[in-house]
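In: Predicted structure and sequence below. I'll ask about it afterward.
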Amino acid sequence: MITRETLKHLPQGVDAPSYDLKDIKPGILHFGVGNFFRAHEAFYVDKALALPGQQNWGIVGVGLTSGERSKKKAEDFKKQDCLFSLTETAPSGDSKRTVIGALRDYLLAPEQPEAVLNYLADPAIKIVSMTITEGGYNIDEHTGEFALDNEAVQRDLSNPESPSTIFGYVVEGLRRRRDAGDRAFTIMSCDNLRHNGNVARKAFLGYAKARDPELASWIEANATFPNAMVDRITPTVSAEIAARLNRESGLDDLLPLVAEDFTQWVVEDEFADGRPALEKVGVQMVDDVTDYEFMKIRMLNASHIFLAFSGLLLGYDHIDESINDPDLRKLVETYLDTDVIPTLKAAPGEDLENYKKSVISRFSNPAMADQNLRIGSDGASKVQVFWTATIQNLLNDKRDLDRVAYGLAAYLEMLRGKNEKGGTFEPIEPTFTDETWKIAKSDDLEAGFALPAFDGWRKLDHAALDEKVTELRKIIREKGVKAALPV
Ligand code: CS2
């Protein structure tokens, strides 16, 4: 176990926080303490805490789900004083190991709802950040608005002072602040969405308006919702990986974590009540994040799901196996060169050709053992966020549809959960209902077009695209992925 005590004699090669934990006071509350958050926001804030005058930016983590796994995680955090180790590994295999101290408390909301609300109402908390996944903002795909008919949201609206959703918690916290004459906080999304701040604004204001329009106006006038581009590949840590990480570090960490050495965070500098000195620890503070977001989502994430869907069908477990398959690598390179880069504008300081090379090298990092199943999970949300803009461009400009048609065919075939080696797997689609699964599992090659993930281009002329997708699905089923690859 790592504790304040063991920090004093860590194994060689593991860095301890260079500040005194007892000086740190919470200034940020974060919902969704997953691996990505621990390797990204917590990593940057940890560096900031070591700078003079930054000790009031410790983080309180909040989990929203109950269940055995969540309870175990909360207990592990408590046992370790919320400390955990991060191993950053380069494609060459070189690693750097650090104990991160930025997380100073961890609460499970279903068990301690009032403690969470007390933090949210406390003016010392100046930023409420979140990683709740692309699909977590409860935006209706058809209307583009916050979905008020969601059951949990309805429950919170009838009982606004004892909420269970993130929307209910945040808005109740802000209500208490307004009533006490305190300032609002910054609501900072760290999810991998285009204009994640705007999405968060829509979600939280959508809920607040339904709860109390006057409160919603106060929040609109006083809170801010900065947009950000976030990037760091952070795989799931299986028991086996955890054991390896501990073996290599010499630690006995209950919550070890591994990430690539690359990391990027570009944030619009719009904070309601101050922020840590992020610009001093490598965060790019900008006025407009748009071009960074497009570059990342349409290049890195879009390629990632191409590789994950294809790899799952071919029976590959990990993304480095996918990118090391020369046919899949060629597919991704051609997709980026032909379909994506010509429609992108380079963000200041970025070069799209270099970015492409770095993405491909990052995918090849064997130390990540990044699971195709993880990357291919929630395809319903990811297809919309990562591919839709490219598909719309190609349809509008009447350009070659081969690669996107193949991608969609691979996605739909992947949902059937069978690989070419005769194995099966369970695709993960948190937003699917029984009805959507029926469509996804149907033998009818055209049924999949009814999935909401495809809505983004149904208003455009999509007949040729559908025809190609159907043809390619047939080829994948009859002759396999390699026969369907458009390269
Ligand atoms: C992946 C991301 O799951 C996915 O969609 O593409 O988790 C990816 O690893 C991160 O966006 C990298 O920043």
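Out: All right, it came through fine. Numbering: from 1, shown residues only.
In: mind checking the SS state of whichever residue of the stretch 301-450 of the chain sits closest to the ligand?
Out: Per C-beta to the nearest ligand atom, residue 304 is where the stretch 301-450 of the chain lies closest to the ligand, at 3.7 Å. Every residue, glycine included, has its C-beta placed from N, CA and C. Per DSSP: H, G, I helix; E, B strand; the rest coil, the local secondary structure of residue 304 is helix.
In: if you skip the residues just before and after it, what's nearest to residue 343?
Out: For residue 343, ignoring the flanking residues on the chain, the nearest one in space by C-beta to C-beta, 6 or more residues apart in numbering is residue 393 at 5.0 Å.
In: ugh, typo on my part, it should be residue 37
Out: Using C-beta to C-beta, 6+ apart, the closest residue to residue 37 is residue 131 (4.6 Å).
In: Pull the number of nearby residues for the one you found.
Out: Using other C-beta atoms under 10 Å, residue 131 is surrounded by 22 other residues.
In: Just list the residues touching it, thanks.
Out: For residue 131, the contacting residues are 30-32, 34, 36-37, 41, 190-191, by C-beta atoms under 8 Å, 6 or more residues apart in numbering.
In: So which of those residues are in helices?
Out: In helices, judged by DSSP state H, the following of these are found: 36-37, 41.
In: Mind checking which of those are buried?
Out: 36-37, 41 (16 or more other C-beta atoms under 10 Å).
In: which among those residues gets closest to residue 367?
Out: For these, the residue nearest residue 367 by C-beta to C-beta is residue 36; the value is 16.7 Å.
In: For the closest one, give me its contacts.
Out: Contacts of residue 36 by C-beta under 8 Å, 6+ apart are 131, 190, 230, 232, 234.
In: Hmm, the second one is touching residue 230, no?
Out: Looking back up the chat, that one is residue 190. Yes - between residue 190 and residue 230 there is a contact under C-beta atoms under 8 Å: 5.1 Å.
In: Common neighbours of those two, please.
Out: 36, 40.
In: if we can go back for a sec, could you dump the contacts of residue 36 into TSV with secondary structure, distance to residue 210 and pLDDT added?
Out: Listed next are those as TSV, based on DSSP: H, G, I helix; E, B strand; the rest coil; distance: C-beta to C-beta, whole Å; pLDDT from 0 to 100:
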residue	secondary structure	distance to residue 210	pLDDT
131	coil	24	98
190	coil	25	98
230	strand	29	98
232	coil	35	98
234	coil	34	95
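In: which among those gets closest to the ligand?
Out: Closest approach between the contacts of residue 36 and the ligand, by C-beta to the nearest ligand atom: residue 232, at 5.2 Å.
In: Show me which residues of the stretch 101-250 of the chain are close to the ligand?
Out: 192, 231-233 (C-beta under 6 Å from any ligand atom).
In: Can you say which two of those are spatially most distant?
Out: Within these, 192 and 233 form the most distant pair, 11.3 Å apart (C-beta to C-beta).
In: and which of the ones in helices among the contacts of residue 131 is nearest the ligand?
Out: Nearest to the ligand among the ones in helices among the contacts of residue 131 is residue 36, at 6.7 Å by C-beta to the nearest ligand atom.
In: pLDDT score assigned to that closest one?
Out: In this model, residue 36 is scored at 98, pLDDT.
In: Under the pLDDT cut-off, which ranges of the stretch 1-150 of the chain? List them.
Out: Nowhere does the stretch 1-150 of the chain drop to pLDDT under 70.
In: can you give me the strands in it?
Out: Under the criterion DSSP state E, counting those that start in this stretch, the stretch 1-150 of the chain contains strands at 14-15, 26-31, 58-63, 84-89, 95-100, 103-108, 127-130.
In: need those strands in CSV with mean neighbour count, can you?
Out: Formatted as CSV, these follow (neighbours: other C-beta atoms under 10 Å):
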stretch, mean neighbour count
strand 14-15, 16
strand 26-31, 23
strand 58-63, 25
strand 84-89, 23
strand 95-100, 20
strand 103-108, 21
strand 127-130, 24
